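*Asks:* Take this sequence and fold it.
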Amino acid sequence: MTERRLLVVDDEAVQRLVVASAAARAGFAADSAATLEAAVSRVGSVAYDVVVLDLGLRKNDGIELLRRLCDSKSDPVLVFISAFDERVRQAAARLAMSLGLRVAGTLGKPMRVDELIALLRRVPQAAGPGHLEQIRTIDPDILAAAIEHGELTCAFQPKVTLNGRHLIGVEALARWRSPTLGHVPPSLFIPVAERSGLIDRLTWHVLDEALAAFRAWRMASPDMTLAVNLSPLSLTDLSLPERVSDALAKADVPAAALVLEVTEGAVMTDCVAAADILTRLRIRDVKLSIDDFGTGHSSLLSLMRLPFSELKIDQSFVRDCLDDPEAPKIIRGIVSVARDLGLKLVAEGIETEPVATQVEKLGCLVGQGYLFAPPLAATALYEHLRANAADDAAD
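*Replies:* Numbering: from 1, shown residues only. Sure, this is the predicted structure:
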């Protein structure tokens, strides 16, 4: 197994030694940098698995390094260590994640070595810089062929009630396992599809496959719903409502069973076209969900202008609801808005029991995340449905 590498960036020599010692105990080979310039030089030549970063670096601040990491060939997990208060550390973590970087956590100074070791031991193995670089440069022709040959499939993640854990719906998620590239994350192939004009083919491929599988599952659970994501580009196609109706009729699935999830930023790209399309979908009884709610600049305006029936609380708020003091306040506010507007509410990204308990206390009744089930293949989901039905019958 290739030795994992860690870079500690801190202007305090003692702190660098302490972190390096903790890294060795967690199984990492550690390098160190005392300045921003030295750190930039290191990340430009070495593919690090982890970067432990002090936010205050005398002449510079650690935030400057984040932009350099975005342009590097590696994909390190970040750990922030700083004497700044928790609000500043959490703000830095949120900024890093918004830039597409991964964050394991934040620690204050003076640092507890056992907490750092625990964070480092949870860092997953990286796929390797060669694989990352290869799949970051996906040829649109390869993606088009993958769609044509059925390499892209659907995985289905359950939505459950937090009180009782009853399965009430699933979300269809596009997955691509290429014979040559291996597993390609949606965060990489979906932007390629959008830039190359393939997103329409991908969207209808996913919808048709999901509806075909869903038709069989409804016999076991007739009240469940199917959610499918819509790209921003789909909200400019005025024929979309008719095409959705045709797909539903072909699969013999009622319109009320379908939930189309639209990201907030996508809705506001062309509000007039979006209002036209989404209103006609609601008239046809298709449900509409505003995804990643709270992360865009126009959330409340979207709710006022457009006929949504559901809100999905962005996973960044859910994930941080135990550690970031601001997250529960935001969740509580979203719950209040949803209740006043008569909208259903889903908390996504629930991975632990304490988070599920906290979200339920804050007023959210439905959740989605790895705590309940990962995205499942169609056959695995069918078994999950049967087990869920058996549990409900036993209750």
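*Asks:* What residues sit buried inside the longest strand anywhere in the chain?
*Replies:* Of all the elements of type strand in the chain, the one with the most residues (DSSP state E) is strand 167-178. Buried positions in strand 167-178, judged by neighbour count with 16 or more other C-beta atoms under 10 Å: 167-176, 178. C-betas here are computed from N, CA, C, even on glycine.
*Asks:* And the residues you listed, which is the shakiest by pLDDT?
*Replies:* Lowest pLDDT among the buried residues of strand 167-178: S178, with 82.
*Asks:* just checking, that residue touches V184?
*Replies:* Yes. Distance between S178 and V184: 5.8 Å, which falls inside the contact criterion (C-beta atoms under 8 Å).
*Asks:* Give me the phi and psi for K312.
*Replies:* Backbone dihedrals for K312, given as degrees, to the nearest 10, come out at phi -110, psi 120.
*Asks:* what bridges to it?
*Replies:* Beta-bridge pairing of K312, defined through DSSP bridges, involves V346.
*Asks:* let's number from 132 now, not from 1
*Replies:* Okay, using 132 as the starting number, the last item reads as K443.
*Asks:* What about it, how many residues nearby?
*Replies:* Around K443 there are 28 other residues, counting by other C-beta atoms under 10 Å.
*Asks:* residue contacts, it?
*Replies:* Contacts for K443 were tallied using C-beta atoms under 8 Å, 6 or more residues apart in numbering; they are 392, 420-424, 476-479, 499.
*Asks:* Helices - which of the residues you listed land there?
*Replies:* Secondary-structure check on these using DSSP state H: no residue lies within helices.
*Asks:* Mark which of these are part of strands, please.
*Replies:* If you go by DSSP E, these have 392, 420-424, 476-479, 499 in strands.
*Asks:* Now do the buried residues in the one helix or strand E325 maps to.
*Replies:* With elements delineated by DSSP states H and E, E325 resides in helix 317-326, which encompasses its position. Under the neighbour-count criterion of 16+ other C-beta under 10 Å, helix 317-326 has 319-321, 323-324 buried.
*Asks:* Can you tell me which of the ones in strands among the contacts of K443 has the most neighbours?
*Replies:* That'd be A478 among the ones in strands among the contacts of K443, by other C-beta under 10 Å, with 31 neighbours.
*Asks:* Tell me where the model's unsure across this protein.
*Replies:* 132-133, 189-192, 202-205, 229, 255-268, 395-401, 425-430, 432, 519-526 (pLDDT under 70).
*Asks:* how about the contacts of K443 in JSON lines, adding distance to C285?
*Replies:* Conversion of the contacts of K443 to JSON lines gives the following (distance: C-beta to C-beta, whole Å):
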{"residue": "E392", "distance to C285": "14"}
{"residue": "S420", "distance to C285": "17"}
{"residue": "I421", "distance to C285": "22"}
{"residue": "D422", "distance to C285": "17"}
{"residue": "D423", "distance to C285": "20"}
{"residue": "F424", "distance to C285": "24"}
{"residue": "L476", "distance to C285": "24"}
{"residue": "V477", "distance to C285": "19"}
{"residue": "A478", "distance to C285": "22"}
{"residue": "E479", "distance to C285": "17"}
{"residue": "Q499", "distance to C285": "16"}
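*Asks:* Do a quick rundown of the helices in the stretch 132-281 of the chain.
*Replies:* Counting by DSSP state H, counting those that start in this stretch, residue ranges of the helices within the stretch 132-281 of the chain are 144-156, 167-176, 194-201, 217-229, 244-252, 260-266, 271-279.
*Asks:* could you say what helices and strands the fifth one packs with?
*Replies:* In terms of contact count using 3 or more C-beta pairs under 8 Å, 6 or more residues apart in numbering; DSSP states H and E, helix 244-252 is assigned the packing partners helix 144-156, strand 208-213, strand 233-239.
*Asks:* So which of these is the most surrounded?
*Replies:* strand 208-213 (a mean of 23; mean count of other C-beta atoms under 10 Å).
*Asks:* Please work out how many residues are found near A178.
*Replies:* Neighbourhood size, A178 [other C-beta under 10 Å]: 17.
*Asks:* cool, Y501 as well?
*Replies:* When neighbours are counted by other C-beta under 10 Å, Y501 registers 12.
*Asks:* How much space separates it from L507?
*Replies:* When distance is defined by C-beta to C-beta, to the nearest Å, Y501 is 11 Å away from L507.
*Asks:* Please apply the same query to E282.
*Replies:* Look at E282 and L507: by C-beta to C-beta, they are 18 Å apart.
*Asks:* Just confirm L137 contacts L184, I think it does.
*Replies:* No. Here L137 lies out of contact with L184, judged by C-beta under 8 Å, at a distance of 11.1 Å.
*Asks:* Now A487. Nearest residue, chain neighbours left out?
*Replies:* Computed as C-beta to C-beta, 6 or more residues apart in numbering, the closest residue to A487 that is not its neighbour in sequence is I481, at 5.1 Å.
*Asks:* For A144, see how far away S420 is.
*Replies:* As it turns out, when the distance is counted by C-beta to C-beta, S420 lies 52 Å from A144.
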